[in-house]
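Q: please find the sequence and the predicted model below.
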Amino acid sequence: MRVVHVSDCYPPRTGGIESQVGDLAARQAASGDEVHVFTATPGADGAHGGQVELRDGVRVHRMGARLPFDVPVNPMSGPKLLRSGFGDVLPDVVHVHAGMVSPFAFDGARLAIASGLPTVITWHCMLDGMIPALRLGARTTSWNRVPAALTAVSAAAARRVADVFDAPVEVLRNGLDMASWRPAPGSGRSGEHGPLRLVATMRMAPRKRAVPLVQIVARAARTLPPDRLRLTLIGAGPSLSRVRSAVFDLGLGRAVELTGRIDRAAVHERYADADVFLAPAELEAFGIAALEARAAGLVVVGRAGTGLAEFVRDGVDGLLVDDDEAMVAAIVRLARDGELLARFKGHNREVVPAFDWADVLGSAREQYGRARAIAALAS
């Protein structure tokens, strides 16, 4: 099968959409598909304007413009490059990946559908706060009944998309190489002696709520004996300086480690010495970092009503909470109740979530078949 993925963002940029689209494309190529990626993200060497590079068996078409800070947009020539690319590749299916603001992906979806190409659109975001405007725009442009297979990465995200379109929205989950994240037999720690080790991995941006997370841990620490908590915060981004200031102002210098951005192997090493993964974001469409931690056997504490519910069952894999105060209480509870912590960790080390790439590739192929059926009815 000849597959074209369309995404504003793609490696070498880092982030949830980038890693998922990159991994999905590489896995499909390894399975024998001919896979292309059309992206507005420049290459590591500045490739843009339609230049093509081979990356992990995938033909990556760099359709962005040369702009300051490598912003992944190309409003002037992007549509022309997309149209030409579709004509040259002649894909069997086009898989569009949408975030909160995705002008390049939207152009790709519009042009693919106008060309009669089977199209899957996957939302990797929560549309909270934008649904009325998006619904009005969809109705005004007749996109409320767009002839494409509409999907989202979780049931929570799919409900928001369904509020915009008058069409079914199915779930196409993110994937993970489960074997590479599983804990080694006999590894790990009980957490009952010494500090409870907390960890969070995120892009340091306001939406991920790194500063509120530091405040949450500070409130929990004040409730517990001295030195009962340790937090490792992994990641970088525009909020990092505010996070550092919060750690200093709250007197957490001895309790919080800021690692900056580290690679997956180093993240896995940190998880081997941790107990609990914290996910404070309120608008988490899926939570791939939380899934990695869950696969590594950590207890996950995150927000209810988000995409974490795809792989975290409250009271089984961890704790899902409604607000920051409830997250403080959850941390304190796990710090005080070693039996509960051990039960969660034992379950998560034994039970593997069903999100391996073999499962996800099959689900993607089902959606591609659905897209072909929709396109045939629309022609």
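A: Now that the structure is in, tell me what you want to look at.
Q: can you name the element that comes right after the helix or strand of the chain with the lowest mean pLDDT?
A: The helix or strand of the chain with the lowest confidence, counting by mean pLDDT, DSSP states H and E, is helix 131-140 at a mean of 89. Per DSSP states H and E, the first helix or strand lying C-terminal to helix 131-140 is strand 149-152.
Q: and the very next helix or strand once past that following strand, which residues are buried?
A: Counting by DSSP H and E, the next helix or strand C-terminal to strand 149-152 is helix 155-162. Across helix 155-162, burial judged by 16 or more other Cβ atoms under 10 Å covers 156-158, 160-162. Just so you know, the C-beta spots here come from the backbone N, C-alpha and C atoms, and that holds for glycine as well.
Q: what ranges of the stretch 151-300 of the chain fall below the confidence cut-off?
A: 186-193 (pLDDT under 70).
Q: go with 80
A: 184-194 (pLDDT under 80).
Q: all strands of it, in order?
A: 169-171, 196-201, 229-234, 256-260, 276-279, 299-303 (DSSP state E, counting those that start in this stretch).
Q: tell me which of these sits nearest to residue 152.
A: strand 169-171 (6.0 Å; Cβ to Cβ).
Q: could you chop this structure up by domain?
A: Domain segmentation of the chain under automatic domain parsing yields 2-175+356-378, 178-350.
Q: picking that back up, mind putting the strands of the stretch 151-300 of the chain in TSV, distance to residue 376 and mean neighbour count included?
A: Putting those into TSV (distance: least, Cβ to Cβ, whole Å; neighbours: other Cβ atoms under 10 Å) gives the following:
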stretch	distance to residue 376	mean neighbour count
strand 169-171	18	19
strand 196-201	43	24
strand 229-234	46	22
strand 256-260	50	16
strand 276-279	41	26
strand 299-303	41	26
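Q: got a markdown table for the ones you listed, with distance to residue 331 too?
A: Formatted as a markdown table, these follow (distance: least, Cβ to Cβ, whole Å):
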| stretch | distance to residue 331 |
| --- | --- |
| strand 169-171 | 30 |
| strand 196-201 | 7 |
| strand 229-234 | 7 |
| strand 256-260 | 14 |
| strand 276-279 | 7 |
| strand 299-303 | 7 |
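Q: closest to residue 58 out of those?
A: strand 169-171 (24.3 Å).
Q: quick one on the thing from earlier: which positions in the least confident helix or strand of the chain come out as buried?
A: Per 16+ other Cβ under 10 Å, helix 131-140 contains these buried residues: 134-135, 138.
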